[in-house]
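>>> this one's sequence-less:
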């Protein structure tokens with residue numbers, strides 16, 4: 001009973017008066033780029049430690065039907081949030097006028113709140129778009145252990161969440177090659193954790209990434225990744241490099257993606273997590289235990305900068 005009362009106390013008075021717009025950094029191609037996010041009726045409080053903050057984020061009331069004003073560069077759009085407060089809009093370049101390559105401001109506003117992030121238009125000569133998983137690929141979350149995953153989800157924050165050793169250096173060496181690739185993170189972490197994930201990536205020195213986080217609901221309990229991955233490959237014409245782990249379904253999802261988009265997947269890297277799986281599960285993919293293994297393989301393939309790899313993985 002005491003624990004229940006404590007939980008109720010944490011959830012009560014858990015928000016500030018003004019609404020909040022969650023807008024994820026995006027990535028797109030020269031002709032199409034999708035902006036997405038969620039609108040909350042009230043901004044969750046950032047006080048009372050990691051547990052309190054995480055509970056407030058997860059229980060914050062969404063704003064169904066909110067009118068969201070979006071702006072990407074010189075383009076503007078008005079969209080209506082769905083029944084969960086989520087919104088999506090695909091900006092399309094005027095005919096014959098592709099979006100300029102590079103990072104561009106992306107903003108969203110509702111009555112009483114606004115936010116600005118950035119969107120990457122991948123250059124036509126970009127060597128690839130790296131698409132990465134989050135749980136147990138770049139962050140240690142214990143996704144194969146319900147107890148450890150619950151502890152990581154509720155009791156950790158951007159500071160205390162450990163990174164998988166060497167993965168930031170691996171990604172930095174991919175980013176160090178010329179011309180530079182783009183980066184996108186597709187994660188089962190809830191959209192309410194957008195700020196937490198962004199701060200984690202920044203604190204742990206990962207390259208800037210577009211973020212695709214899960215909208216929690218009955219329809220996203222499973223199979224949430226493939227539609228996002230398909231959209232990214234449809235909007236971004238560059239080849240892709242896929243990075244995930246063996247703890248869930250990344251090998252299977254990535255293999256299916258390679259079948260659906262022949263010639264688009266340059267390489268797939270899978271971090272070994274938990275008990276070993278049959279080798280045929282990783283056929284055509286690079287299975288690695290340490291980031292150094294993946295980085296050295298990427299350098300041999302011309303995906304990562306060799307000097308960076310030699311320096312960071314001595």
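Looks like it arrived, so ask away. All values derive from a computational prediction rather than experimental measurement.
>>> okay, CA-based contacts and neighbour counts for the rest of this
OK.
>>> Count the residues that sit near the nearest residue to residue 267 once chain neighbours are set aside.
Counting by C-alpha to C-alpha, 6 or more residues apart in numbering, residue 241 is the residue found nearest to residue 267 once chain neighbours are left out, at 5.0 Å. Residues within reach of residue 241, counting by other C-alpha atoms under 10 Å, total 22.
>>> Also residue 78?
14.
>>> Which strand or helix spans it?
strand 75-80 (DSSP states H and E).
>>> Stretch 33-53: how far from the chain's middle?
Taking C-alpha atoms, centre = their mean, to the nearest Å, one finds stretch 33-53 lying 16 Å from the centre of the chain it belongs to.
>>> which SS class is residue 185?
strand (DSSP: H, G, I helix; E, B strand; the rest coil).
>>> quick revisit: how would you label the residue nearest to residue 267: helix, strand or coil?
Three-state assignment for residue 241 (three-state DSSP): strand.
>>> any idea how far it is from residue 181?
10 Å (C-alpha to C-alpha, to the nearest Å).
>>> same thing with residue 66?
Note on residue 66: its distance to residue 181, by C-alpha to C-alpha, is 35 Å.
>>> Enumerate the beta-bridge partners assigned to the residue nearest to residue 267.
Using DSSP bridges, the bridge partners assigned to residue 241 are residue 130, residue 267.
>>> how close does it get to residue 136?
18 Å.
>>> Repeat that for residue 301.
Distance, residue 301 to residue 136, using C-alpha to C-alpha: 24 Å.
>>> and what of residue 170?
According to C-alpha to C-alpha, residue 170 stands 15 Å off from residue 136.
>>> which residue ranges form the helices in this structure?
2-11, 49-59, 146-155, 167-175, 194-203, 225-235, 250-260, 291-300, 306-312 (DSSP state H).
>>> so which of the ones you listed gets nearest residue 37?
Within the helices of the chain, the stretch nearest residue 37 is helix 194-203; the backing value is 9.2 Å (C-alpha to C-alpha).
>>> now that closest one and helix 49-59, what's the angle there?
Note on geometry: by axes from the mean of the first three to the mean of the last three C-alpha atoms, to 10 degrees, helix 194-203 and helix 49-59 are set 130 degrees apart in direction.
>>> average model confidence for helix 194-203?
Helix 194-203 carries an average pLDDT of 96.
>>> and it, which residues are buried?
Residues of helix 194-203 classed as buried: 194, 196-198, 200-201 (neighbour count, 16 or more other C-alpha atoms under 10 Å).
>>> If we go by neighbour counts, what in stretch 102-112 is buried?
For stretch 102-112, by 16+ other C-alpha under 10 Å, it's 103-104, 106-110.
>>> Can you give me the buried ones in stretch 156-164?
Under the neighbour-count criterion of 16+ other C-alpha under 10 Å, stretch 156-164 has 156-158, 161-164 buried.
>>> Give me the distance between the residue lying closest to residue 158 once chain neighbours are set aside and residue 138.
Counting by C-alpha to C-alpha, 6+ apart, residue 200 is the residue found nearest to residue 158 once chain neighbours are left out, at 4.4 Å. For residue 200, the distance to residue 138 (C-alpha to C-alpha) stands at 10 Å.
>>> Repeat that for residue 186.
From residue 186 over to residue 138 (counting by C-alpha to C-alpha), the distance is 11 Å.
>>> Run through the bridge partners of residue 37.
Counting by DSSP bridges, residue 37 forms beta bridges with residue 23, residue 87.
>>> right, and it touches residue 20 too?
No - in this structure, residue 37 is not within contact of residue 20 by C-alpha atoms under 8 Å, at 10.6 Å.
>>> ok, residue 179 - how many residues close by?
The tally of other residues near residue 179 (other C-alpha under 10 Å) stands at 12.
>>> Against residue 110, how distant is the closest residue to it other than its chain neighbours?
Spatial nearest neighbour of residue 179, excluding adjacent residues (C-alpha to C-alpha, 6+ apart): residue 126 at 6.0 Å. As judged by C-alpha to C-alpha, residue 126 and residue 110 stand 35 Å apart.
>>> quick one on the thing from earlier: and the buried residues of stretch 102-112, which is closest to residue 257?
residue 103 (26.7 Å).
>>> Spatially nearest residue to that closest one (excluding sequence neighbours)?
In space, residue 103 is closest to residue 120, 4.4 Å off (C-alpha to C-alpha, 6+ apart).
>>> Look up the pLDDT of that neighbour for me, please.
Looking at residue 120, its pLDDT stands at 97.
>>> measure it to residue 259 for me?
Residue 120 is 26 Å from residue 259, by C-alpha to C-alpha.
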